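Based on what follows, work out the 3D shape:
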Amino acid sequence: MSVRLGFGFGLVVFAVQIPPVARACEYDGQIDLDEFWPAHRTIDVPLDGVVLLRLAGAAVGVATLVVELDGAAVPGALEPTGWGDLRWRAAAPFAPNSIYSVTIGGDAPATKFAFTTGTELAAPPPAPVVTDLTLERFTRETYACIEEPGTCYCDQGELLAVEHRMHAVFMLPDPPPPFGTFTAVTFEIAPAPDGFPAELVETQSWPTAGGTALVDFGVAGTWPSDQVCARATATDPLDRRAVGPVVCTPIGDVNTIPPEPETDTGCSITTPTPALSALVLLVLFTRPRRRSTAIRSLPTPSRSDIGQPARPRPS
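Have a look, this model is predicted:
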C-alpha cells in the first residue's frame, strides 16, 4: 500500500499506529505466497503476458519466478507494482491456446501451477463507482514498542497517545475481471468537488468481502469543510487507468471531538448559583425562632455512668 498525505489547509497528520505486538522480523528463508494469478488450471487467460504474485513481508525482495512453454523458459522480468504485489511481464505476448507452467522459487518445496491461454487481450478496467460513501469516527491508540533484547516480536507496548480520527467507508462493486483483486484502486478525498486530483491519496488492492474499503482522512476537528468528497481510480496490472465519478456527503458530527467521559468520584459538590444563595439566606433570616427563657447545660456523663439507670433530673 502506498499512502501520500498532506494538506495545504493545515491538517495535522499524526504518527502511524504501532500496535504493541507488531514488529517486522528478518526474512527467515521462507516465502509466504498469499495469492497468485492466473489460478491453477485457469483457461482463456488473456494474451497480455503477465503473471501476478501476492507475497508476505520480507519475502517480496527474494522471490523468483520462471515461466515455461513446452519446456523452454519464456523471456520476462519480475518487478514490484506500485501497490505491494509482484508482476512478471513477458517480453512478448503469450501464444494463443497454449499451456504455460509457472514455478515460484524461494521456499521449499517450490510452488508450481499451470494455465491455458485464450485468444484475446484483457479488457481495460471499468471506472470504479463508489455506490455508498459514509463517514465514521474512531479512536486510534499509538504505542511505542518496549523491545526486549534478542526477540523478534514486541510483547509489550507503551501507550503514547489516543486520537479521535475519521475514516471514510467506500462501497465498490466486485473486483473486475480478469485480474480481480490484483487490480489496484486509488481513493482520493477532498473537501470540495473541485478539489481533484486530491492531496489525500491511498492506493490498495481492489477490496473484496462486499467491496468495502476504509480510508483514514484525519484527526477529528480538523476537516476544513462541511462535506467530504471522494472518487476512486482503477489501475490494472498493465498500468491502464479508469477514473470514477466524484461523490460527496455531509461530514455531520464526525468532525466534532467527542466529550471526555466523566469519572465517578463518589461524591460531588455543586457551587450554588447567586440566585440560589440569596434564597437560602432569605429562608434562614425569615425563619421564626423560639426564644428560650433559660439555657440549661447538662453534665457530661462519665465512663462509670454509661450503662447505669437514668437518674432523675432535678426540677
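
mind listing the helices in the chain by residue range?
Taking DSSP state H, the helices of the chain run over residues 274-286.

Give me the domain ranges for it.
9-17+126-255, 33-117 (automatic domain parsing).

would you list these in JSON lines and tack on mean pLDDT and mean neighbour count?
(C-beta placed from N, C-alpha, C; glycine too.) Listed next are the domains of the chain as JSON lines, based on pLDDT from 0 to 100; neighbours: other CB atoms under 10 Å:
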{"stretch": "domain 9-17+126-255", "mean pLDDT": "87", "mean neighbour count": "16"}
{"stretch": "domain 33-117", "mean pLDDT": "89", "mean neighbour count": "16"}
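
Just put the ones you listed in CSV and tack on distance to Glu262.
As requested, these are arranged in CSV below (distance: least, CB to CB, whole Å):
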stretch, distance to Glu262
domain 9-17+126-255, 17
domain 33-117, 44
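
and Pro261, which of the ones you listed is closest to it?
domain 9-17+126-255 (11.6 Å; CB to CB).

Nearest spatial neighbour of Asp174, chain-adjacent residues omitted?
Excluding the flanking residues, the one nearest Asp174 by CB to CB, 6 or more residues apart in numbering is Gly211, at 6.3 Å.

Repeat that for Leu238.
Nearest to Leu238 is Asp48, by CB to CB, 6+ apart, at 5.8 Å.

same deal with Arg137?
Nearest to Arg137 is Val254, by CB to CB, 6+ apart, at 5.0 Å.

Surely the one you found is in contact with Thr134?
No - the criterion here is CB atoms under 8 Å, and Val254 misses it with Thr134 at 9.4 Å.

what sits against the residue nearest to Leu214 when sequence neighbours are not counted?
Leaving out its chain neighbours, the residue that sits closest to Leu214 by CB to CB, 6+ apart is His167, at 4.9 Å. By CB atoms under 8 Å, 6 or more residues apart in numbering, His167 lies in contact with Leu135, Glu136, Phe138, Leu214, Val215, Asp216, Phe217.

TSV for these, including distance to Pro124?
Putting the contacts of His167 into TSV (distance: CB to CB, whole Å) gives the following:
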residue	distance to Pro124
Leu135	31
Glu136	33
Phe138	36
Leu214	27
Val215	24
Asp216	30
Phe217	29
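
just curious, which of the residues you listed is nearest to Pro237?
For these, the closest approach to Pro237 (CB to CB) belongs to Val215, at 22.2 Å.

Which strand residues bridge the closest one?
Ala168 (DSSP bridges).

In contact with it, which residues?
For Val215, the contact set (CB under 8 Å, 6+ apart) comprises His167, Ala168, Phe170, Phe187, Ile189, Glu202, Ala230.

In the sheet, which residues pair with the residue lying closest to Thr81 once chain neighbours are set aside? Tell me.
Of all residues not flanking Thr81 in the chain, Arg87 sits nearest, at 5.2 Å (CB to CB, 6+ apart). Taking DSSP bridges as the rule, Arg87 bridges to Leu52, Glu79.
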